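[1] coords below, sequence missing:
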């Protein structure tokens, strides 16, 4: 597509529920750019992903930050999220689907997990997330051997509402840890049309800091509330599983299209990795196509036989639609 500033491209980089206001808003902003298909869905070759020449992350690193402090989190949720997300991102059969977009095998490693100090924020915007990442970087708190391959996950606690407003909210998220030691894996106004009460689950992006592009993902604690309302994208039978499904979506989008924020800001299509002609990333169209989210959000067995993990099926060019784990790469 043209880089004419009067028609700036915009790639979707968020997880939003099907037919929700958040999805409608994201699609309205998206501008088109030049064998185990999920049951019940049809092949959709028109939505196949195209490589535009941008950076991708074959060997992914990620670090989990739990916002709101230990008091905002059930310890079992934290344990389950850390273990399941690390297992899902490193699973061979799941990665066999993703490998078609790379030359050779893809890998993943969780660097650690930390609680952020402070109270639970009521609302978090994109501006808040990027402000937090900036302050953590400036304080030397973002530890990684390679910023170009690392995504820092900001995991929001129960009740916090996420929106994609570029401005900051009233209060800052505390940019400090409750413990200086990472737990390594054994594992602004509210935008009513684009927040987690209307279907937004999370998104990923980047901030240019100190000569690096620092990648982040942010997601909510998705749950169905007793009063009939919901936050995020509640699909599974436990909210922690929804968190894992959301971040599985975001991390695979960051793998295949990490510089989406740079592309959207500059209009330079050559910064984009893998997207469809409609501006959808690897996790977007599967949600849009599904008549029921349970078609693409499922618990699948790990290759090593150690139980199941909750994931979202990602788009596969090989089957022209969402694809679950496969024993061999395409």
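    Everything's here; your move. Keep in mind it's a predicted model, so treat the numbers as computed, not measured. Residues are numbered from 1 along each chain as shown.

[2] Show me the contact partners of stretch 79-97.
    60, 62, 64, 105-110, 113, 155, 183, 185-187, 240-241, 243-244, 247-248, 251, 300, 302-304, 306, 309-311, 314, 316, 323-330 (Cβ atoms under 8 Å, 6 or more residues apart in numbering). C-beta: built from backbone N, CA, C; applies to glycine.

[3] Quick check: the gap between residue 276 and residue 85.
    Distance of residue 276 to residue 85, computed by Cβ to Cβ, to the nearest Å: 25 Å.

[4] can you pull the contacts of residue 169?
    Counted by Cβ under 8 Å, 6+ apart, residue 169 has contacts 121, 123, 124, 125, 127, 128, 188.

[5] Spell out the residue ranges of the helices in the stretch 201-330 of the chain.
    Using DSSP state H, counting those that start in this stretch, the helices of the stretch 201-330 of the chain run over 239-256, 260-266, 284-289.

[6] Now render the contacts of residue 169 as a markdown table, adding distance to residue 223 and pLDDT.
    What follows is the contacts of residue 169, written out as a markdown table (distance: Cβ to Cβ, whole Å; pLDDT from 0 to 100):
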| residue | distance to residue 223 | pLDDT |
| --- | --- | --- |
| 121 | 17 | 95 |
| 123 | 17 | 95 |
| 124 | 16 | 95 |
| 125 | 20 | 95 |
| 127 | 25 | 95 |
| 128 | 21 | 95 |
| 188 | 24 | 24 |
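
[7] May I see the ChimeraX selection of the buried members of those?
    Selection of the buried residues among the contacts of residue 169 in ChimeraX, burial being defined by 16 or more other Cβ atoms under 10 Å:
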select :121,123,124,125,127,128
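
[8] Among the contacts of residue 169, which lie within helices?
    127, 128 (DSSP state H).

[9] Among the contacts of residue 169, which one sits closest to residue 228?
    Comparing the contacts of residue 169 against residue 228 with Cβ to Cβ picks out residue 123 as the nearest, at 21.0 Å.

[10] Please name the bridge partners of that closest one.
    residue 161 (DSSP bridges).

[11] shouldn't it be in contact with residue 156?
    No. Under the criterion of Cβ atoms under 8 Å, residue 123 makes no contact with residue 156, lying 9.9 Å away.

[12] Spit out the residues that contact those two alike.
    In contact with both residue 123 and residue 156: residue 162, using Cβ under 8 Å, 6+ apart.

[13] Give the bridge partners for residue 153, please.
    residue 64, residue 217.

[14] Around it, how many other residues sit close by?
    By other Cβ atoms under 10 Å, 27 other residues sit near residue 153.

[15] ok, it to residue 294 distance?
    Taking Cβ to Cβ, one finds residue 153 at 24 Å from residue 294.

[16] And stretch 322-330, end to end?
    From its first residue to its last, stretch 322-330 covers 14 Å (Cα to Cα, to the nearest Å).

[17] cool, stretch 265-280 as well?
    End-to-end distance (Cα to Cα), stretch 265-280: 16 Å.

[18] Could you number the chain from 10 rather than 1 from now on?
    Got it, first residue is 10 now, which makes that one stretch 274-289.

[19] give me every residue that touches residue 129.
    Neighbour list for residue 129: 76, 77, 78, 81, 166, 167, 168, 169 [criterion: Cβ under 8 Å, 6+ apart].

[20] can you tell me which two in the residues you listed are farthest apart?
    78 and 168 (13.5 Å).

[21] on that earlier part again, out of the helices of the stretch 210-339 of the chain, deepest packed?
    Across the helices of the stretch 210-339 of the chain, the average number of neighbours (mean count of other Cβ atoms under 10 Å) peaks for helix 248-265, which reaches a mean of 28.

[22] what is the mean pLDDT for that helix?
    Mean pLDDT, helix 248-265: 98.

[23] helices or strands up against it?
    Here helix 248-265 touches strand 23-25, strand 68-75, helix 84-99, helix 101-107, strand 159-164, strand 209-218, strand 221-228, strand 317-321, going by 3 or more Cβ pairs under 8 Å, 6 or more residues apart in numbering; DSSP states H and E.
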